[in-house]
Every structure is written in structure tokens, then in C-alpha cells.
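**Q** My questions concern the predicted model and sequence given below.
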Amino acid sequence: MHTESERRITPARPAAAGPVIAAPAGWGVGIFLGLSRQRVRRFMLLAHLTLGLVVGALLALTALTGSLLVFYVEIDRILTPELVVPAGHADPVPLDRVVQALREAHPARPGGWRLELPQGADHPIMARYMKPEETAGKSFAPLMVAVNPYSGEVLSSRFWGRTAMTWTYDLHYLLLAGESGQLVMALGGVGSLLILATGVYLWWPAAGKWAKALQPRLRSGFVRQVFDIHVLAGVYGLAILLPLIVTGIVMERPDWVKPVVERLSPMTTPPVLASAQGGTVVGADAALAAALARFPQAEPRWVEVPGQAGGAYHIRLYQAGEPGWRFPKTSVWVNGGDGMVMDVRDPTRWTFGDAFFGWQHPLHNGECFGLCCRILVAVAGLLPALMLATGVVRWRQKKRTRPVRAGR
């Protein structure tokens, strides 16, 4: 992401009496005390090239898979026809009937179920059994069961990681390598930030040349066009790629960031719930009603049903103004034994630390600002692959011309 500015030869000036102190040319040179601008630029160019070749492929892969995951639900419904429910005129069945259908379809699974309520008339209820025996060796690989909300019929049962979109998610988030892959992805994100930083340094225009530098143009000739495409993709993509990379690092390794955030602002601790023994007496519909009584203007999104041994319901609701609409942060915990509300979390009372982490995922997938932002994030995911391709072509062009310049 650098420019090939034309250099003009400045006439020599007569030597001044006494020592002359040359001011550093260009921003950022002052931190490299004792180095000339040419040496600093040479170092930045080498760092940009090396990081681009080493980390660029990982960044391109992550961005491309992220573009697909922006529309994860929509693509999954296209690939799996069972997830498209014929919209009828019947009213949805009670949630208690859905839970009963799940228990009957999977009688050997006594644990809890997490129900994602449909967001459209032709959407199913997506239920997740979080810890199935079949995928016990993985940190996250639930059983996913689709249920018809109008009849309670089980439509499909699939394991996470064995479908196209969930496999893509694991590739994007874990590089299909568990915790080791998660660490590699976080370090790759740091390397990607360095690619952007060195690219910005090399591109940074001189005073009075900003208009020309920001002008979208393709000069004549293949060599110059490749370079111009590389620069334009980096310059115009920086505003969206930077927050995507930063939020990706934070979500991969929140333990790196949390101590710093906690120094700036206190964070709300997770609730400590007393265990409810004697089985689940209160049904899912009653628990949801209790949660909605606390937030009557909210929309239900998730209902986490406790296991047969008893426990608490975790209801997740969406309030207007929350950044994330699929995974909102308004939460109500309801005792499965007596139906009493045990604890609540209200995003309107967030601290700065709560808001910082609450915005990470909605910013990363673009849902915080609606469909237009999601499309923008999906398109931006194509830019790293474009920059990698043009950067490699540019590197090979320079490599071929290097012996000619050396001969001259």
C-alpha cells in the first residue's frame, strides 16, 4: 500500500555557516533516530513485503471465509432445504411441545437444549444440544436440530463441523486446529495490523498531494495498473479492514485485552446462580413469559432450557438499540423449579467495559448497522485476496527487473 511518487532533483544550495540540522522528512521517521529516510523506507518496504508474503495468505483466507459467514444463516438455508419451512396460517406450537419433541427424538440426551427462535415465517426453531457424546473431544461441536415451529416436527439433526457453513466457521475461527489454531489466528491478526501500518507509512503522501493520492485512478500499462489496484484496495479498504482485524483479535484472545479494559472500566461479572434440584417443574413458555414481563418491549431470541435434573432457564431478548440482533445481551435467568426470576442483565446499564466487548461481534460481522453494513463487510472480505494477488504480481515484476537495474 505504497506509492511510487516522482522524485524531482532539487538544485544544490550554498553551504550555510555553522552546523546544519536537517529536519526529518515524512511522518514517523522521528522514532527511528539516527536513520535516514531512505533507510527507514527500505526497512518498511522489506517489512511490508515479508509480512505480506508470510501472513497475507492467512489474512486472505480468513477474510474470504468471513465474507461467507456474514450471511451464514441465509447460505445454510440454501444448502439445506429442510431449514425452509412452508409458511402456513397455523399458529406456532407452544415451546413446551417443542422441548417434548426434542426429548422424544433424542431420549438418550438428558441435558439442556438451547433454542433459537425463528426470525421469519419460514424459519425453523434451531435447537442445540451443547455437549453430545459424539463430539466430546471438541470444545464446541453441538448437535443442531431443526424443528417445525407450527407442528413440532423434527426436520433435521446435524452435528456442528459436519456441514459446509459450520466447517467454514471452524476454519475461520480456529483454522481447524483447536486452541493452537486460535492462537495462530490471533498472531496472524497482529501481523495483519503490521501489514496495514507499514503499507500506510509507504503510501503516506507529502503535504499538498493528498487529493492526488486519494484520487481513484488506473494509469496506463499493466505494471502501473497492478500497483494502482494494490494501493486503492489498501487505502479505501483500510477504514473497514482495520476494525475487522482488531475485533477478530479481541474475540480470538479476549484474555489479552480484558486486563487493559478492566483498568479503564469495571465489568459486570457473570451471575452466580443457586442450583435448582428436584427437576424442572416450570415449562419453557412460563419461563419466557416471566422474562418478557421484565422487558415487555423486547423480542425473544434464545431460550436455553435446563436439563431434566433441574436448573435455570436462560432467556436472551433483543431490545431496540442493541448492537447485536441475533445474539443480543439482554438476559434473564428464571428458576426452573418455581419460575422466579433469579438475575437479569440489561445492556442499557452497560459499563464501558461491558459495551466494549458487547460490540465486538456485531462490529465484526456487520450486523450492528443493518443489511448495508453486512454487505459492506462481505465485500471488504474480498480485498485482502485482491491485495495479496496484486502484491505477489508486483513483487515478481520487481524481481524480474532487479538484475537489469543492477547491470545498469
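**A** Received it, and whenever you're ready, just let me know what you need. No experiment lies behind these values; they were computed from the predicted model shown. Numbering: from 1, shown residues only.
**Q** Can you list the low-confidence ranges for the stretch 1-150 of the chain?
**A** 1-34, 88-89 (pLDDT under 70).
**Q** ranges for the strands of it?
**A** Along the stretch 1-150 of the chain, the segments classed as strands by DSSP state E, counting those that start in this stretch run 113-116, 125-129, 143-147.
**Q** on contacts alone, who are the packing partners of the shortest one?
**A** Secondary structure elements in contact with strand 113-116, counted by 3 or more C-beta pairs under 8 Å, 6 or more residues apart in numbering; DSSP states H and E, are helix 95-105, strand 125-129, strand 299-305. (Glycine included, C-beta is placed from N, CA and C.)
**Q** Other residues contacting that strand?
**A** Residues from elsewhere that reach strand 113-116, judged by C-beta atoms under 8 Å, 6 or more residues apart in numbering: 95, 98-99, 102, 125-130, 142, 284, 301-305.
**Q** Filter those down to the buried ones, PyMOL style.
**A** Remark: buried members of those, expressed as a PyMOL selection using 16 or more other C-beta atoms under 10 Å:
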select buried, resi 95+98+99+102+125+126+127+128+129+142+284+301+302+303+304+305
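**Q** before we move on, the earlier item: show me the one of the strands of the stretch 1-150 of the chain that comes nearest K209.
**A** Proximity to K209 (C-beta to C-beta) singles out strand 113-116 among the strands of the stretch 1-150 of the chain, at 52.2 Å.
**Q** Contacts only, for the residue nearest to the spatial centre of the chain.
**A** Nearest residue to the geometric centre of the chain (C-alpha atoms, centre = their mean): H364, 3.5 Å. Applying C-beta under 8 Å, 6+ apart, we find H364 in contact with 66, 244, 247-248, 251, 377.
**Q** Same question for I375.
**A** G366.
**Q** and it, how far is that from R294?
**A** Distance from I375 to R294, counting by C-beta to C-beta, to the nearest Å: 35 Å.
**Q** Can you give me the neighbour number for A213?
**A** A213 has 14 neighbouring residues, counting by other C-beta atoms under 10 Å.
**Q** Also the one 5 residues further on?
**A** When neighbours are defined as other C-beta under 10 Å, L218 has 12 of them.
**Q** Over to it. Which of the three states is it?
**A** Applying DSSP: H, G, I helix; E, B strand; the rest coil to L218 yields a three-state assignment of coil.
**Q** for it, phi and psi?
**A** phi -120, psi 120 (degrees, to the nearest 10).
**Q** The one 3 residues further on too?
**A** Here is the backbone geometry of G221 (degrees, to the nearest 10): phi 100, psi 140.
**Q** Make sure G161 is actually in contact with K138.
**A** Yes: in this structure, G161 is within contact of K138 by C-beta atoms under 8 Å, at 7.0 Å.
**Q** before we move on, back to that, pipe the strands of the stretch 1-150 of the chain into CSV and attach distance to F71 per row.
**A** Shown next, in CSV, are the strands of the stretch 1-150 of the chain (distance: least, C-beta to C-beta, whole Å):
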stretch, distance to F71
strand 113-116, 16
strand 125-129, 16
strand 143-147, 18
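**Q** Give me the phi and psi angles of the spatially closest residue to L232 that is not a sequence neighbour.
**A** Nearest non-adjacent residue to L232, counting by C-beta to C-beta, 6 or more residues apart in numbering: P216, 5.9 Å away. Taking degrees, to the nearest 10, you get phi -70, psi 110 for the backbone angles of P216.
**Q** What is the three-state secondary structure of W333?
**A** strand.
**Q** Looks like D122 contacts L83 (just checking).
**A** No: contact criterion C-beta under 8 Å: D122 and L83 do not qualify, at 9.1 Å.
**Q** In terms of neighbours, single out the busier of these two.
**A** The residue with more neighbours, out of D122 and L83, is L83; 19 against 13, by other C-beta under 10 Å.
**Q** Quick check: closest non-adjacent residue to that one.
**A** Leaving aside its chain neighbours, L83 sits nearest to R77 (4.6 Å; criterion: C-beta to C-beta, 6+ apart).
**Q** show me what contacts that neighbour?
**A** 83-84, 123.
**Q** Closest one to F369 out of those, please.
**A** Using C-beta to C-beta, H123 comes nearest to F369 of these, at 22.5 Å.
**Q** V85 is in contact with that closest one, correct?
**A** Yes: the criterion here is C-beta under 8 Å, and H123 meets it with V85 at 6.5 Å.
**Q** more crowded one of those two?
**A** Legend: neighbour count by other C-beta under 10 Å for H123 and V85, higher for V85 (22 against 18).
**Q** dump the residue contacts of the more buried one.
**A** Applying C-beta under 8 Å, 6+ apart, one finds that V85 lies in contact with 118, 122-124, 148-150, 155.
**Q** Perfect, that will be all.
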